[in-house]
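Asker: take this sequence and fold it.
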Amino acid sequence: MKISVITLFPEMFLSPFNESIIKRAIEKKLIEIEFINIRTFGIGKHQLVDDTPYGGGMGMVLRVDVLHKAIEKVKSEKLTTKEQKVILLTAHGKTFNQKKAKNFSKLKHLILICGHYEGFDERVKKYIDEEISIGDFVLTGGEIPAMLIIDSVSRLVEGVISKGSLDTESFSPFLEYPQYTKPQEYDGLKVPNILLSGNHPKINQWRTLKSQTITKKLRPDLLNNKG
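Answerer: Numbers count the residues shown, from 1 in each chain. Now for the predicted structure:
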């Protein structure tokens with residue numbers, strides 16, 4: 001899988017993906033991540049990428065012509081819309097979740113566009129497939145949301161993490177059951193006896209029940225949306 005990030009600040013991504021699982025996935029060529037600097041497609045000798053908004057107002061708006069050039073440069077003409085998606089990271093978008101991460105992980109090419117300043121010229125939406133938000137709050141740009149999406153999507157790509165581990169994670173479809181390790185007792189708190197029994201069918205039943213109970217208490221909305 002290839003992930004392309006269109007951003008004004010590609011240097012922000014250098015550290016997060018040089019460690020741990022994502023680094024190993026890149027080394028194994030299970031995923032490829034590239035960063036495209038929007039300013040490369042800027043206007044004139046100063047490589048301008050933004051301008052003042054029509055109608056007045058505060059801040060600067062990213063230009064549609066600049067963004068369109070970047071998108072066209074990155075998109076593969078050989079892939080269909082089922083294999084390749086262009087995603088605009090914006091507060092207007094649907095909230096990103098695990099179901100969306102799974103869908104994205106099946107793509108051959110995922111393109112993420114990071115906003116900045118006061119946002120995008122509205123006309124850029126003609127050239128994208130979908131808008132995505134990571135929550136109801138405002139950030140200085142789309143780089144951190146892009147990092148979150150890359151991390152959550154990459155780990156779902158086949159071969160990056162063992163399927164058995166993914167099957168028992170939170171949002172599959174419930175929140176994950178409680179986990180314990182040594183010491184067996186600490187500060188008066190004991191590991192549940194069932195986990196020490198060696199009876200794996202009973203342990204699995206206990207874990208399933210705990211997952212459902214925790215989900216019902218903390219995230220009852222997930223019980224009605226198991227997709």
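
Asker: any idea how far the residue nearest in space to the middle of the chain is from residue 198?
Answerer: Nearest to the geometric centre of the chain sits residue 149, at 1.1 Å (Cα atoms, centre = their mean). Going from residue 149 to residue 198 by Cβ to Cβ, to the nearest Å gives 40 Å. Using the backbone N, CA and C atoms, a C-beta is placed for each residue, glycine as well.

Asker: could I get the full set of helices for this structure?
Answerer: According to DSSP state H, the chain carries its helices in the segments 20-27, 64-74, 98-105, 143-154, 163-167, 200-218.

Asker: okay, the last one in PDB with CA atoms only?
Answerer: These are the backbone C-alpha positions of helix 200-218, laid out as PDB (Å, rounded to 0.1, in the frame of the first residue of the first chain):
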ATOM      1  CA  HIS A 200      -9.000 -21.300  27.800                       C
ATOM      2  CA  PRO A 201     -12.700 -21.700  26.800                       C
ATOM      3  CA  LYS A 202     -13.800 -20.200  30.100                       C
ATOM      4  CA  ILE A 203     -11.100 -17.500  29.800                       C
ATOM      5  CA  ASN A 204     -12.400 -16.600  26.300                       C
ATOM      6  CA  GLN A 205     -16.000 -16.500  27.700                       C
ATOM      7  CA  TRP A 206     -14.900 -14.200  30.500                       C
ATOM      8  CA  ARG A 207     -13.100 -11.900  28.100                       C
ATOM      9  CA  THR A 208     -16.000 -11.700  25.700                       C
ATOM     10  CA  LEU A 209     -18.400 -10.900  28.600                       C
ATOM     11  CA  LYS A 210     -16.000  -8.200  30.000                       C
ATOM     12  CA  SER A 211     -15.600  -6.600  26.500                       C
ATOM     13  CA  GLN A 212     -19.400  -6.400  26.200                       C
ATOM     14  CA  THR A 213     -19.900  -5.100  29.800                       C
ATOM     15  CA  ILE A 214     -17.200  -2.400  29.400                       C
ATOM     16  CA  THR A 215     -18.500  -1.300  26.000                       C
ATOM     17  CA  LYS A 216     -22.100  -1.100  27.400                       C
ATOM     18  CA  LYS A 217     -20.800   1.100  30.200                       C
ATOM     19  CA  LEU A 218     -18.300   3.300  28.400                       C
END
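
Asker: contacts for it, please.
Answerer: With contacts defined as Cβ atoms under 8 Å, 6 or more residues apart in numbering, helix 200-218 is touched by 168, 174, 175, 176, 177, 178, 192, 194, 195, 197, 222, 223.

Asker: list the buried ones in that helix?
Answerer: 203, 206, 207, 210, 211, 214, 215 (16 or more other Cβ atoms under 10 Å).

Asker: quickly note the distance from the last one to residue 222.
Answerer: Counting by Cβ to Cβ, the separation of residue 215 from residue 222 is 5 Å.
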